[in-house]
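Peer 1: A predicted structure for the sequence below; I have some questions about it.
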Amino acid sequence: MVEIEVISGRTINQGKTVEEKLSEEYFNAVSYCEINEKDFKKLGLNEGDRVKVKTDFGEVVVFAKVGEVPEGIVFIPMGPYANRVISDDTDGTGMPRFKGVRGSIEKTEEKVKSIKELLGVE
């Protein structure tokens, strides 16, 4: 397990597929996290392995990718997977905090849920 800070934001692929939120393309665009190469090695990961990201607000299993993020930072594209680990409190702004959420990450054998499974819809 590695202590991390979760950040989220828009990506080109997330933006291109956002209109079809139940599509495989959208799933592929939002169901991963980018991890610094040093943290990737600490966790004993290979590209595409699954990781569990946990914060005080929840947890989610996503696919792991090496990303160009600082050590100790994990980036999850904006969407239903990121929403599982960020606070819904908006401090009166109408927007939740998508940056600086403290948590942890660990390798897991758990399955990455489909968007329908994650949202509990048929």
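Peer 2: Sure thing, it's come through.

Peer 1: only C-alpha atoms from now on, for both contacts and neighbour counts.
Peer 2: OK.

Peer 1: tell me the secondary structure for the closest residue to residue 20 other than its chain neighbours?
Peer 2: Distances taken as CA to CA, 6 or more residues apart in numbering put residue 26 closest to residue 20, at 6.6 Å, once the chain neighbours are dropped. At residue 26 the chain is in helix, as set by DSSP: H, G, I helix; E, B strand; the rest coil.

Peer 1: how many neighbours does residue 26 have?
Peer 2: Residue 26 has 20 neighbouring residues, counting by other CA atoms under 10 Å.

Peer 1: list the contacts for it?
Peer 2: The contact partners of residue 26, by CA atoms under 8 Å, 6 or more residues apart in numbering, come to 13, 14, 17, 18, 20.

Peer 1: those, buried ones only, as a ChimeraX selection?
Peer 2: ChimeraX command restricting the contacts of residue 26 to the buried ones, with burial defined by 16 or more other CA atoms under 10 Å:
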select :14,17,18
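
Peer 1: quick one: which of the contacts of residue 26 is nearest residue 78?
Peer 2: Proximity of the contacts of residue 26 to residue 78 (CA to CA) peaks at residue 14, which lies at 7.4 Å.

Peer 1: please look at the closest one and residue 81 and confirm they touch.
Peer 2: No: look at residue 14 against residue 81 with CA atoms under 8 Å: they stay out of range, at 11.9 Å.

Peer 1: distance of residue 73 from residue 103?
Peer 2: Note on residue 73: its distance to residue 103, by CA to CA, to the nearest Å, is 10 Å.

Peer 1: one more: residue 78?
Peer 2: From residue 78 to residue 103 the distance is 17 Å (CA to CA).

Peer 1: pick out whichever of the two has more residues nearby.
Peer 2: Taking neighbours as other CA under 10 Å, residue 78 and residue 103 compare with residue 103 leading, 22 against 19.

Peer 1: OK, contacts around the closest residue to that one other than its chain neighbours?
Peer 2: Spatial nearest neighbour of residue 103, chain neighbours left out: residue 55 (4.2 Å); criterion: CA to CA, 6+ apart. The neighbourhood of residue 55, defined by CA under 8 Å, 6+ apart, consists of 85, 86, 101, 102, 103, 104.
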